[in-house]
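Q: Dropping a prediction and its sequence here:
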Amino acid sequence: MVNHLYKCNYCGEEYKPKKRGTQKFCKTSCRVNSHQRKKKIEKISMPKLPHTENTTANSYNEKVNAAGIINSALGTGLANGVQAVFTKSENKPATKKDIQDLMIQVKERYMPITNMPQQADGKRPFYDTLLKAVLYLPVR
C-alpha cells in the first residue's frame, strides 16, 4: 500500500489527508491562519472607495485647475525634501541598492570550508570573516 502525502498550503509540512482531494491544510490552525493572511492581503491591496451618492443640488463639485495641481506638487515635494533632510540615515527606508549591497556583504562574510565534513543534520561549515570563527549553517 502506497501512502500519499500532501503538502500543507500554509506551513509546507507533509501530512496524510483525511479527506483526499479536498483537504489543503495539515491542521485547523493552518487553515485559519491562511484565511486570516488572505484577508489581510485583500485589505491592503484593495482600499475601500468612498461611498458615492447621487449628486443633488446641495452638493458642490470641486474644480481642479493647474495652479492647484502645481501648489499641491510643490507642497508635497517640499515636505518630502524637509523630511529627507531631517531623517537620520539609519531611519530611512532601505532601497533596492541597499539590499543588494547587504547581500554582497553576506556572501563575502560567510566563506564555505571545503575540507571539513558537514554535520549529521546537513549543516555545512563556513568561516565567518567578521567574527573570525567557524559556524555551521543550513544550506538551501
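A: On my side now, so go ahead.
Q: Okay, domains of the protein per the record?
A: 6-45, 96-137 (automatic domain parsing).
Q: between those domains, which one is nearest to Q83?
A: Evaluated with CB to CB, those place domain 96-137 nearest to Q83, the distance being 18.0 Å. Just so you know, the C-beta spots here come from the backbone N, C-alpha and C atoms, and that holds for glycine as well.
Q: Just the element for the spatially most central residue of the chain, please.
A: Here the mean C-alpha position of the chain is nearest to the C-alpha of I41 (CA atoms, centre = their mean), at a distance of 11.1 Å. Per DSSP states H and E, I41 falls inside helix 28-45.
Q: Helices along the protein, start to end?
A: Counting by DSSP state H, the chain has helices at residues 28-45, 66-86, 96-109.
Q: Quickly list what Y127 is bridged to.
A: In this structure, Y127 bridges to M111, V134 when assessed by DSSP bridges.
Q: contacting residues for it?
A: Going by CB atoms under 8 Å, 6 or more residues apart in numbering, Y127 touches Y110, M111, P112, I113, A133, V134, L135.
Q: show me what contacts V85?
A: Applying CB under 8 Å, 6+ apart, we find V85 in contact with no residue.
Q: All further residue positions should be reported with the first residue as 34.
A: Noted, 34 is the first residue going forward, which turns the last one into V118.
Q: gap between it and L111?
A: Separation of V118 from L111 (CB to CB, to the nearest Å): 11 Å.
Q: and if you look at P158?
A: Going from P158 to L111 by CB to CB gives 54 Å.
Q: Those two - which one has more neighbours?
A: Counted by other CB atoms under 10 Å, P158 and L111 do not tie: P158 has more neighbours, with 17 against 10.
Q: And the more buried one, what's its pLDDT?
A: For P158, the model assigns a pLDDT of 93.
Q: And the one 3 residues further on, by the same measure?
A: At D161, the model reports a pLDDT of 87.
Q: likewise the one 10 residues further on?
A: Looking at P171, its pLDDT stands at 88.
Q: Please name the nearest non-neighbouring residue to it.
A: Using CB to CB, 6 or more residues apart in numbering and skipping the chain neighbours, the partner closest in space to P171 is K156 (5.3 Å).
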